[in-house]
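Undergrad: after the sequence you'll find the predicted model.
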Amino acid sequence: MPSDSDPAVTVAAPAAREIVEIWTDGGCKPNPGPGGWGAILRFGATERELSGAEPATTNNRMELTAAATALEALKRPCRVVLHTDSEYLRLGITRWHQGWVRKNWRTAAGDPVANMDLWRRILEAAKPHAIEWKWVRGHSGHPMNERADMLATEARRALGA
């Protein structure tokens with residue numbers, strides 16, 4: 001199993017006891033086009049799989065939707081380790097969003113932030129949790145990342161795409 005090549009970044013929240021591991025993935029074929037997302041939540045020996053699809057979207061929107069939906073599924077404050085192969089998601093939530101919020105959801109160039117609705121969903125869903133955002137290399141054989149990818153692909157294919 002490949003190891004994570006990037007140090008994890010933790011975003012603190014109120015104290016939480018339980019540890020939940022989440023693996024997310026999303027994608028489109030073509031991009032933009034029909035897309036799917038998948039997430040696996042693991043708490044001890046219990047696992048829950050989530051997935052969905054949209055007929056017209058982008059890879060980035062599907063990556064963000066997977067994370068938002070997975071965090072929204074948590075019923076009480078937890079310590080979360082969220083694994084993603086999306087640097088866009090990981091860097092957006094750990095580095096870039098503070099500047100976007102400070103600039104009223106504008107980029108450094110003054111343009112509106114892409115996918116602002118999903119970033120806001122993630123930030124709201126993350127509030128009660130202490131989250132460690134970990135990047136994993138996509139399509140490199142990591143079993144849980146491959147499983148999340150499979151969920152996303154199956155959801156997209158269910159659209160007939």
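TA: Now that the structure is in, tell me what you want to look at.
Undergrad: how close does the residue nearest to the spatial centre of the chain get to residue 108?
TA: Nearest to the mean C-alpha position of the chain, by C-alpha atoms, centre = their mean, lies residue 67 at 2.8 Å. Counting by C-beta to C-beta, to the nearest Å, the separation of residue 67 from residue 108 is 23 Å. Yep, even glycine has a C-beta here, placed from its N, CA and C like the rest.
Undergrad: picking that back up, the residue nearest to the centre of the chain in helix, strand or coil?
TA: Here residue 67 is helix, with the state taken from DSSP: H, G, I helix; E, B strand; the rest coil.
Undergrad: spatially, which residue comes closest to it, not counting chain neighbours?
TA: Leaving out its chain neighbours, the residue that sits closest to residue 67 by C-beta to C-beta, 6 or more residues apart in numbering is residue 24, at 5.0 Å.
Undergrad: so which strand or helix has that neighbour?
TA: Element membership of residue 24 [criterion: DSSP states H and E] is strand 19-28.
Undergrad: which parts of the following helix or strand past that strand are buried?
TA: Once the chain leaves strand 19-28, the next helix or strand it forms, by DSSP H and E, is strand 33-43. By 16 or more other C-beta atoms under 10 Å, the buried positions in strand 33-43 come out as 33-41.
Undergrad: which residue ranges form the helices in the chain?
TA: 59-72, 87-91, 97-102, 116-126, 143-158 (DSSP state H).
Undergrad: residue 134 is nearest to which of these?
TA: Nearest to residue 134 among the helices of the chain is helix 87-91 (7.7 Å), distances taken as C-beta to C-beta.
Undergrad: which of the residues in the closest one are classified as buried?
TA: If you call a residue buried by 16+ other C-beta under 10 Å, then helix 87-91 has these buried ones: 89-90.
Undergrad: ditto for stretch 148-158
TA: Those would be 148-149, 151-153, 155-156, for stretch 148-158 by 16+ other C-beta under 10 Å.
Undergrad: quick one: contacts of it?
TA: 23-29, 34-40, 49-53, 62, 66, 138-139 (C-beta atoms under 8 Å, 6 or more residues apart in numbering).
Undergrad: same thing but 6 Å
TA: With contacts defined as C-beta atoms under 6 Å, 6 or more residues apart in numbering, stretch 148-158 is touched by 23-27, 34-38, 40, 49, 51-53.
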